[in-house]
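Engineer: structure for the following, please:
(one chain, ligands or ions: 1)
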Amino acid sequence: MFGDEAGLPYQRPPLSKTFLKEGHPERLLFRNADFFAANGIEIQSNTPIASVSPSERSVTTERGNTYHFDHLVLATGTRNRQLPIPGFNAPNVFGMRTLEDASRIRDRLEMTSEIVVIGGGFIGLEFTAAAKQLGKKPTVVEAQDRLMARAVSEPVSEFFLAAHRRNGVDIRLRQTVLAVETDSSGNAFAVRLSTGERVFSDLILVAAGVVPNCELAYAAGLKIENGIAVDRTMLTSAPNISAVGDCVSFPLGDRRLRLESVQNAADQARCVARRLTGAVEPYDKLPWFWSDQGADKLQIAGLIEHADKLVAKRDDETGRLTVFGFSAERLCAVETVNRPGDHMAARKVLSASDGIMLADLEASHYRLKEVFRTVARP
Ligand SMILES: Cc1cc2nc3c(=O)[nH]c(=O)nc-3n(C[C@H](O)[C@H](O)[C@H](O)COP(=O)(O)OP(=O)(O)OC[C@H]3O[C@@H](n4cnc5c(N)ncnc54)[C@H](O)[C@@H]3O)c2cc1C
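Structural biologist: Model (predicted):
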């Protein structure tokens, strides 16, 4: 296993959540070194792969060493989107992708009070909530008219907008950062907004989305379509090369999808591992996702963007929310806030059956666990 980062493979989700508050990089590791050694897995960290030759069935490292393979799996992930704005390269303007990024941000946070977050998506908002818990003053600048617009329904965006504002976070919707202003030593001290306003800041986090790392695959002649294009079994256009995770676009129904989630990366990896050990099966796992923002836990089962109708059930007293998404009257996604039991039931309902209709849910008064018992019955 070749990777261009230092150290052993680790989990990214805590980077924008607990790690900022608690540190402890060792807790992020998937496995310790003994596991890899005991299972005959050789890890080559700090070893970027510079090229792939499908015809020679080999990869070559940046240092010029060539290794042959019977089968290659590309899991190159994504990188942070760069913004073409003046001042973007100042040392206190950060992205949040790697343990190295998060460690630098943690160090800087200690001497920081005012923060600007560019992008009101999952990572920007998780970071904001953690920074607020650490006593900082974050301002979030989001170009769209709602938070997390790419991935969640309007009721969920509204829920989190209200929650962050209640918590004292300054959130600017429909505004963009036109420039980062730097002092004579090159450090950023403010951003200039599209409204003309200036917001002072000692730390700027750019969380404005990612781009898939496809260059290696593209240079090797593999098909690219908003990610490394794979078929239903995660095979690329080359017969000896598979691809999985954030860097991949895969067919689902009549469209192609690229997802950035742990579930997707892990289930696709399992699909390839099974194929390579003899069990060929199409990838058809239900997408699910979570995001922890301060005290609120968002969980999503299915893809809400496929819904043409939404039903939101909100309990103002408990601060819980469930949003049901329907496509042609059929349940296709469920978003829950602070309802982990419903999320698990939704995953079961959506995986176990392709036919939960709006009428079924209405009849059960939207009790997902009850509906699951009905569909699970043989
Ligand atoms: C801060 C943060 C918070 C997140 N929170 C959540 C969450 O709450 N829930 C959730 O479901 N998902 C979350 N995610 C997304 C999740 O971490 C990703 O979906 C997952 O890591 C994807 O795994 P991957 O293996 O496809 O790619 P990655 O984890 O990106 O790994 C790809 C690796 O390949 C390396 N690489 C790329 N090119 C080369 C090369 N040429 N040679 C060698 N190495 C190379 C990269 O440097 C990287 O180390 C979060 C991500 C981040 C950054």
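
Engineer: any idea which element F127 lies in?
Structural biologist: For F127, the element it lies in under DSSP states H and E is helix 122-133.

Engineer: what's the following helix or strand past that helix packed up against?
Structural biologist: Following helix 122-133 in sequence order, the next helix or strand is strand 137-142 (DSSP H and E). Here strand 137-142 touches strand 114-118, helix 122-133, strand 170-173, going by 3 or more Cβ pairs under 8 Å, 6 or more residues apart in numbering; DSSP states H and E. In this view, the C-beta of every residue, glycine as well, is placed from N, C-alpha and C.

Engineer: with distance to the ligand and mean pLDDT added, can I get these in CSV?
Structural biologist: Shown next, in CSV, are the helices and strands packed on strand 137-142 (distance: least, Cβ to the nearest ligand atom, whole Å; pLDDT from 0 to 100):
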stretch, distance to the ligand, mean pLDDT
strand 114-118, 13, 98
helix 122-133, 5, 97
strand 170-173, 19, 98
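
Engineer: hang on, the earlier thing: what comes up buried for the helix holding F127?
Structural biologist: The neighbour-count check on helix 122-133 (16 or more other Cβ atoms under 10 Å) flags F122, I123, G124, L125, E126, F127, T128, A129, A130, A131, K132 as buried.

Engineer: leaving out the residues flanking it, which one is nearest to D231?
Structural biologist: Ranked by Cβ to Cβ, 6 or more residues apart in numbering and with sequence neighbours excluded, the top spatial neighbour of D231 is P251, at 7.0 Å.

Engineer: nearest residue to L286 in space, please, no chain neighbours.
Structural biologist: Once flanking residues are discounted, L286 sits nearest to S351: 4.8 Å by Cβ to Cβ, 6+ apart.

Engineer: the helix or strand containing that neighbour: how far from the chain's middle?
Structural biologist: Element membership for S351 (DSSP H and E) is helix 340-352. Remark: helix 340-352 is offset 20 Å from the chain centroid, using Cα atoms, centre = their mean, to the nearest Å.

Engineer: how about residues contacting that helix?
Structural biologist: 286, 288, 297, 299-302, 322, 331-334, 336, 356, 368-369, 371-372, 375-376 (Cβ atoms under 8 Å, 6 or more residues apart in numbering).

Engineer: repeat that for stretch 127-145.
Structural biologist: The contact list for stretch 127-145, computed with Cβ under 8 Å, 6+ apart, reads 16-18, 20-21, 96, 105, 109, 112-120, 124-125, 164, 167-177, 191, 193, 199, 201, 205, 207, 292-294.

Engineer: how big is the angle separating whichever strand or helix holds V334 from helix 340-352?
Structural biologist: Assessed by DSSP H and E, V334 sits inside strand 330-337. Put simply, strand 330-337 runs at 160 degrees to helix 340-352, going by axes from the mean of the first three to the mean of the last three Cα atoms, to 10 degrees.

Engineer: check whether strand 330-337 comes near the ligand.
Structural biologist: No. Interface with the ligand: strand 330-337 contributes nothing (Cβ under 6 Å from any ligand atom), its closest point being 13.9 Å away.

Engineer: residues contacting the closest residue to A238 other than its chain neighbours?
Structural biologist: In space, A238 comes closest to P54 once its chain neighbours are excluded; the distance is 4.1 Å by Cβ to Cβ, 6+ apart. Neighbour list for P54: A220, G221, L222, A238, N240, I241 [criterion: Cβ under 8 Å, 6+ apart].

Engineer: separation between the second one and V59?
Structural biologist: Read that as G221. To V59, G221 is 14 Å away according to Cβ to Cβ, to the nearest Å.

Engineer: more neighbours: the two, which one.
Structural biologist: Ranked by neighbour count (other Cβ atoms under 10 Å), G221 and V59 place V59 first, with 21 against 14.

Engineer: and that one, that's in a strand?
Structural biologist: Yes. According to DSSP: H, G, I helix; E, B strand; the rest coil, V59 belongs to a strand.

Engineer: in stretch 60-74, which residues are buried?
Structural biologist: Neighbour-count burial for stretch 60-74 flags T61, L72, V73, L74 (criterion: 16+ other Cβ under 10 Å).

Engineer: would you confirm that the second one contacts V59?
Structural biologist: It stands for L72. Yes. At 6.7 Å, L72 and V59 qualify as touching, with contact defined as Cβ atoms under 8 Å.

Engineer: so what sits against both of those two?
Structural biologist: Common contacts of L72 and V59, defined by Cβ under 8 Å, 6+ apart, comprise V52.

Engineer: by contact count, what packs against the longest helix anywhere in the chain?
Structural biologist: The residue-count maximum for a helix in the chain (DSSP state H) belongs to helix 262-276. Helix 262-276 is packed against strand 241-243, with contacts defined by 3+ Cβ pairs under 8 Å, 6+ apart.

Engineer: could you measure from the residue nearest to L286 over to the ligand?
Structural biologist: Applying Cβ to the nearest ligand atom, to the nearest Å, the value for S351 to the ligand is 17 Å.
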